[in-house]
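>>> Give me coordinates for this.
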Amino acid sequence: MKSLRIALAALVLMPLAAAAATAPHGKSTRRFSGKGQLGFVASQGNAQGKSANAALNLAYVSGPWKHTLNLAMLYGQSQGVVSAERWSALWQSNRKISSDAFAFGALRYEHDMFDGFQYQASAAAGIGYTVIHSKSTTLSTQVGAGYTVQRPETLTDIALLNPTRIFVERTTLPSQRYAIGTLGVDYEQTLTSTTTLSDKMLVNAGSVNTLVTNSLALVVKVSTRLAMSLAYDIQDNTHPPGAIKHLDSTETVNLVYAF
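A predicted model of the protein is given here:
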């Protein structure tokens, strides 16, 4: 459960990070914001399992620049066997060209023990446009080009008396490098004064593999700082190695803290 301890430590430090961005007399010196979320489930008895997910989203605005950092973790354990482990990080910097248009550069890295890739890393740049920016609705899109480096691996599994597939051997394959086209869509809709619906999609399309991620979330505020989130995430690698399934989906219920 080292992953869970790290996630908890990050959430504990979030209020300190918020305080560091505030002047001694309470006046903000930077346009800094963020939110963290955490979900945990444990089952005992005939079926024993544990699962945890955590995310940290930070944003910093300075003049025409906006920098964002998104960190996410997913960990699962069933009958004492690790059944899910994923770490991902996304950094993006936007530079305003006009009130609605912007240029961007982005870096992404992911490690997933069960998607058939030891890691997937990409760098991309392009332009974006805010299509809608109203009091209740925001919608922005971005397109660009970049480069991906990934390390596929084959997973050998056994299924004896337990029908659950248990991976017992990993064989890494040569790294793959190829150009990609990238498309992103970011949508947010305020439904009520306390309820927000959001959807974020990212597509990195290349000749070797196309990665599609999408996160749909319904967030209900409990207070000015705390909220509950119900989320449905999908991740699709069109060409994973071997017999690995190309589509992963995750449903989570999380406690969200904004600062």
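>>> The residue nearest to Thr172 when sequence neighbours are not counted: how many residues sit nearby?
In this structure, Thr172 finds its nearest non-sequential neighbour in Glu153, 4.7 Å apart by Cβ to Cβ, 6 or more residues apart in numbering. Just so you know, the C-beta spots here come from the backbone N, C-alpha and C atoms, and that holds for glycine as well. Glu153: 19 surrounding residues under other Cβ atoms under 10 Å.
>>> wait, isn't Glu153 in contact with Tyr119?
No: Glu153 lies out of contact with Tyr119 (Cβ atoms under 8 Å); the separation is 9.5 Å.
>>> quick revisit: a helix runs through the residue nearest to Thr172, doesn't it?
No: read with DSSP: H, G, I helix; E, B strand; the rest coil, Glu153 is strand and lies in no helix.
>>> Please report the distance of Gly126 from Met113.
31 Å (Cβ to Cβ, to the nearest Å).
>>> and what of Tyr147?
24 Å.
>>> So between the two, which is more surrounded?
Met113 (18 against 14).
>>> Please list all residues in contact with that one.
By Cβ atoms under 8 Å, 6 or more residues apart in numbering, the contact list for Met113 reads 82, 84-86, 167.
>>> could you give me the average pLDDT of stretch 33-47?
Average pLDDT, stretch 33-47: 82.
>>> Count the neighbours of Ala258 for me.
The criterion is other Cβ under 10 Å. On that basis, Ala258 has 18 neighbouring residues.
>>> Quickly list what it is bridged to.
Lys35 (DSSP bridges).
>>> Was I right to think it contacts Ser229?
No: assessed by Cβ under 8 Å, Ala258 is found out of contact with Ser229, at 11.0 Å.
>>> Can you turn the buried part of the contacts of Met113 into a ChimeraX selection?
A single ChimeraX command selects the buried members of the contacts of Met113 (16 or more other Cβ atoms under 10 Å):
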select :84,86
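>>> Out of the contacts of Met113, give me the two with the largest separation.
Arg86 and Phe167 (14.3 Å; Cβ to Cβ).
>>> what about the residue nearest to Thr172, distance to Leu139?
Distance from Glu153 to Leu139, counting by Cβ to Cβ: 38 Å.
>>> beta partners for Pro152?
Assigned bridge partners for Pro152, using DSSP bridges, are Phe117.
>>> Tally up the residues packed near it, please.
Using other Cβ under 10 Å: Pro152 sits among 24 other residues.
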